[in-house]
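Novice: make a model of this:
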Amino acid sequence: MDNSSNVMATAELIKNKLIIWDEVEAKAIFEEKFFGKYIEEEKAVFLQLSLEEGMILLEREHINLLDKKKKLTVKKFYTLCCEMDPEFPQKYTVYRDLRNRGFIVKSGFKFGTHFRVYNRGVNPYKSGSKELKEHTKYNVHAVPENYAHSYQEWSRYVRLSQNIRAKALLAVVDEESDVTYYVITRIRP
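Specialist: Numbering: from 1, shown residues only. Sure, this is the predicted structure:
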């Protein structure tokens with residue numbers, strides 16, 4: 001069976017970003033559950049994928065990935081991702097789990113977490129007034145099971161999540177790569 005029929009686009013690895021330059025290919029990937037983010041720099045518009053998005057699309061054989069014009073395998077790209085981001089193993093495990101459950105997953109960087117998660121099937125980029133736009137359902141932070149944290153760190157995380165009306169989830173990845181989700185809330189006495 002030829003898997004090339006699944007390939008929707010070719011992405012290029014540039015430092016720690018994956019870029020799809022072709023407009024038609026970018027549109028196909030973006031509209032497939034909203035992978036990537038359009039970036040406009042100087043006179044170029046392109047689709048940028050996170051490492052997690054690129055990894056799942058590569059695993060699902062929806063993209064070819066090139067690094068210096070050489071095609072990367074899933075195994076080689078995973079190794080590179082781990083070198084670029086020491087948190088990648090647990091982040092990707094959680095990202096893949098959420099995507100496999102049908103959620104739309106975007107970066108949570110500006111909210112102090114790994115991922116923003118939207119309900120299944122919604123458009124996180126819906127245009128119009130703020131009231132019409134979809135809201136983040138969960139802010140998800142991925143950690144290994146032996147992770148130590150401070151109360152201040154989690155207090156900030158919960159407050160930022162509550163400010164955008166999202167539930168704060170702690171996604172704990174165990175040694176078998178199973179994910180357990182914990183809701184973290186603030187209780188006022």
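Novice: the nearest residue to residue 72 once chain neighbours are set aside: what's it in contact with?
Specialist: Among residues not flanking residue 72 along the chain, residue 65 sits closest, at 4.5 Å (C-beta to C-beta, 6 or more residues apart in numbering). For every residue, glycine as well, the C-beta is placed using N, CA and C. Residue 65 makes contact with 10-13, 18, 54, 58, 71-72, 77 under the criterion C-beta atoms under 8 Å, 6 or more residues apart in numbering.
Novice: ok, residue 104 next?
Specialist: Residue 104 neighbours (C-beta under 8 Å, 6+ apart): 33-34, 117-122, 124.
Novice: top of these by neighbour count?
Specialist: Using other C-beta atoms under 10 Å as the neighbour criterion, residue 117 leads those with 26 neighbours.
Novice: skipping adjacent residues, who's closest to that one in space?
Specialist: Leaving aside its sequence neighbours, residue 117 sits nearest to residue 138 (C-beta to C-beta, 6+ apart; 4.1 Å).
Novice: doesn't residue 30 lie inside a helix?
Specialist: Yes. Assignment of residue 30 by DSSP: H, G, I helix; E, B strand; the rest coil places it within a helix.
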